[in-house]
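Novice: What shape does this take:
(chains A, B, C and D)
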2 protein chains.
Amino acid sequence: MPKVPPVLLDQQLCFSIYSASKKFNHFYQSALAPFSLTYPQYIAMLVLWEDAPLTVHQLGERLELDSGTLTPLLKRLEKQGWVSRVRSQTDERQVLIHLTEMATAKREEVYSRIGQCQTLLGMSDEEIDETMAELATVKSQLDNVSRQRLITKNIDN
Amino acid sequence: MPKVPPVLLDQQLCFSIYSASKKFNHFYQSALAPFSLTYPQYIAMLVLWEDAPLTVHQLGERLELDSGTLTPLLKRLEKQGWVSRVRSQTDERQVLIHLTEMATAKREEVYSRIGQCQTLLGMSDEEIDETMAELATVKSQLDNVSRQRLITKNIDN
DNA sequence: AACAATTTAATTGTATACAATATTCTGAAA
DNA sequence: TTTCAGAATATTGTATACAATTAAATTGTT
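Specialist: Next up is the predicted model:
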C-alpha cells in the first residue's frame, strides 16, 4: 500500500505567518512590558493616538476585532488608566473611547520605544515594504475566497 | 505645540502579520469545519501525520507551543477520537501521542481539503515561496533580537 | 405615533496562548 | 543508595479571539 506524501507543516504558508505573528507578539509584549501593555492593547492605543475618540465599533473596524474581544480589553485599559469609556450622549448605543491625560503624556515615550524596536529588528524600509506588499496579496486573496464562498453559500440556500 | 507624527497602525509590519494570521486561521477553520478541527488542532494533526507517535515535548518543538497550550488541546483531540495519549513505559514523565485508526483513515480526506484550500488561495508556488522566504527573514531577525536581549540581560545581572 | 428591522455593546461559552508554579520521574553525583 | 538537579507534563491564572446570543437604542416605514 503506497504511502501518500505527507503535507509538510514547514511548507505551509499559514504556519509561517502564524509562527511569525506569535514571535512578533512576544517581541512587542516584552518591549512594552515597562508600560504594562499587551500587544493587542498596544495596537488599540496606536489607533486611539491616531484618532481618539472612537466608538468601540470604529476601533473594531480598524483592528479587525469585535466587541467580544474589545469590551474586556478596553475595560482593562480603563482600569490601568489609559482610556475612559463614555456612553455617547447623542446615541446611547455607542460607547466612546477617550484617551486619558496619562495616555497623551506617555504617547511619545511609547513611540520612541517602538522606534527602538524597529531599529532592533534591523530590516531595511524596502525589505519591510516588500514583505507587507506580499502579505497584502495574501490577505486580499483570503478576502476573495471568503467573498466567493459567501456568494456560493447564498446561491446554495 | 507641534504634534508628533503618529505611528500609523497600517504601516506596522507586525499588524500586517497579525492580521494575515487571523484571516488564515479563519480560512482554515471554516475549511476544516466538516472535521471539527480548529486551526491549532489541524497543525498538530499535520505534524502527527508526518511523524507519530511523538511526545508532547517533541510536538511542542515543532509547533512552538508549550504544554500549557498542548495538554488541553490534545485532550480535546483525544475526546474527538483523533489521538490517544499514552504514558511512556520507558520514561514515565513522557506522554506519547498516537494517531487513532480514525485519524489514519481520514488523513487523505483532510489532505485533499488542504489541496483545495491552496487552489482557492490562488497564489503561484513562486509567490508563496517568496512570501515564506520574507517571513523567514523576519523570524530570524526576531530570534536574533531575543538572543541579543538574553545576552544583554545576562551581562546586566 | 407604532412597530419592525437594524445597529451597537455587552455577555456567554469555547478554544487558544503563555508565564509561573506544581508534580512526578530520571539520572548523576556524593 | 541517597539525594538532588534537571526534565516532562500538568495545572493555574490572565488575556486574547470569536461565534452566538442578548439587550437596549435608533431608524425607517407606514
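Novice: Point to the residue nearest the middle of chain A.
Specialist: Nearest residue to the geometric centre of chain A (CA atoms, centre = their mean): residue A:63, 4.9 Å.
Novice: Run a quick neighbour tally on residue A:32.
Specialist: 19 (other CB atoms under 10 Å in any protein chain shown). The way it works is simple: take the backbone N, C-alpha and C, and place the C-beta from them, glycine included.
Novice: what residues are up against it?
Specialist: Contact partners of residue A:32, counting by CB atoms under 8 Å, 6 or more residues apart in numbering or on different chains, are A:38-39, A:42, A:110, A:113.
Novice: and the residue nearest to the centre of chain A, what does it touch?
Specialist: Counted by CB under 8 Å, 6+ apart, residue A:63 has contacts A:40, A:43-44, A:47, A:70, B:9.
Novice: contacts with DNA strand D among the residues you listed, please.
Specialist: residue A:40 (CB under 7 Å from any atom of the strand).
Novice: Next one: residue A:75 from residue A:123, what distance?
Specialist: From residue A:75 across to residue A:123, the span is 35 Å (CB to CB, to the nearest Å).
Novice: Likewise for residue A:110?
Specialist: Taking CB to CB, one finds residue A:110 at 21 Å from residue A:123.
Novice: for residue A:52, same thing?
Specialist: 30 Å.
Novice: Can you confirm whether the helix ranked longest in chain A lies near chain B?
Specialist: Secondary structure of chain A read by DSSP state H shows that its longest helix is helix A:125-156. Yes - Helix A:125-156 reaches chain B (CB under 8 Å from any CB of the partner chain) through A:127-128, A:130-132, A:134-139, A:141-146, A:148-149.
Novice: Narrow those residues to those that are buried.
Specialist: Among those, those buried by neighbour count (16 or more other CB atoms under 10 Å in any protein chain shown) are A:127-128, A:130-132, A:134-135, A:138-139, A:141-142, A:145.
Novice: With distance to residue A:28 and pLDDT as extra columns, can I get these in a markdown table?
Specialist: Formatted as a markdown table, these follow (distance: CB to CB, whole Å; pLDDT from 0 to 100):
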| residue | distance to residue A:28 | pLDDT |
| --- | --- | --- |
| A:127 | 19 | 94 |
| A:128 | 15 | 95 |
| A:130 | 21 | 95 |
| A:131 | 17 | 96 |
| A:132 | 16 | 97 |
| A:134 | 21 | 95 |
| A:135 | 17 | 96 |
| A:138 | 21 | 94 |
| A:139 | 20 | 95 |
| A:141 | 26 | 93 |
| A:142 | 23 | 93 |
| A:145 | 29 | 83 |
